[in-house]
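*Asks:* Okay, sequence plus prediction incoming.
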Amino acid sequence: MLKKPTPWQSSFIVGYVAAIFSGFCMGWNVVEIAEKRDTLLILEIVSWAITIVGAIILHIGVIKETKLPIIVWIVVAFICGIFLLVVRIIHLSNKWEDASTLYITIKILITVLLVALTVLYIVCPYFYIVQLNEEGK
């Protein structure tokens with residue numbers, strides 16, 4: 001049977017998932033921006049880059065078992081997650097009439113995935129901070 005991962009392991013995995021997903025989305029936005037100039041895409045790229053830096057800070061906090069970098073990650077994940085959600089909703093509403101059903105469906109599914117990942121990005125490190133507090137670190 002599989003063992004339940006510890007909060008340390010979950011937080012470490014969250015950092016990797018955040019960096020990989022953000023890098024993929026940032027690359028996708030770079031391809032889109034090459035086709036059409038859009039300020040919202042530039043803002044998304046900046047937000048994804050900040051998320052990648054935050055993921056690196058999370059890894060530092062997890063490895064050194066210090067709370068401050070983990071708290072910084074939680075704040076970055078929350079702010080960037082909400083910002084990206086708002087930008088994606090604005091972007092989708094601007095293209096609602098002109099886009100195909102497949103495009104809209106994919107964008108909505110990616111937005112739902114973004115919401116789920118944002119919650120995961122916040123909850124797993126939070127549980128690790130709770131564990132560190134219980135251990136007195």
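*Replies:* Thanks, I have it.

*Asks:* rest of the way, CA atoms for contacts and neighbours
*Replies:* OK.

*Asks:* Which secondary structure elements does the top helix by length along the chain sit against?
*Replies:* Using DSSP state H, we find that the single longest helix of the chain is helix 101-135. Contacts defined by 3 or more CA pairs under 8 Å, 6 or more residues apart in numbering; DSSP states H and E place helix 101-135 against helix 7-35, helix 67-95.

*Asks:* Just put the ones you listed in a markdown table and tack on mean pLDDT and mean neighbour count.
*Replies:* What follows is these, written out as a markdown table (pLDDT from 0 to 100; neighbours: other CA atoms under 10 Å):
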| stretch | mean pLDDT | mean neighbour count |
| --- | --- | --- |
| helix 7-35 | 90 | 17 |
| helix 67-95 | 91 | 18 |
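
*Asks:* Kindly reformat the ones you listed as CSV containing distance to Ile42.
*Replies:* What follows is the helices and strands packed on helix 101-135, written out as CSV (distance: least, CA to CA, whole Å):
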stretch, distance to Ile42
helix 7-35, 8
helix 67-95, 11
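
*Asks:* Tyr103 is nearest to which of these?
*Replies:* helix 67-95 (9.5 Å; CA to CA).

*Asks:* so what secondary structure elements neighbour that closest one?
*Replies:* helix 39-64, helix 101-135.

*Asks:* And it, how far out from the chain middle?
*Replies:* Once both centres are worked out by CA atoms, centre = their mean, to the nearest Å, helix 67-95 turns out to sit 7 Å from its chain's centre.

*Asks:* orientation of it relative to helix 101-135 in degrees?
*Replies:* 170 degrees (axes from the mean of the first three to the mean of the last three CA atoms, to 10 degrees).

*Asks:* gap between the nearest residue to Ala18 once chain neighbours are set aside and Val31?
*Replies:* Of all residues not flanking Ala18 in the chain, Ala55 sits nearest, at 6.3 Å (CA to CA, 6 or more residues apart in numbering). Applying CA to CA, to the nearest Å, the value for Ala55 to Val31 is 23 Å.
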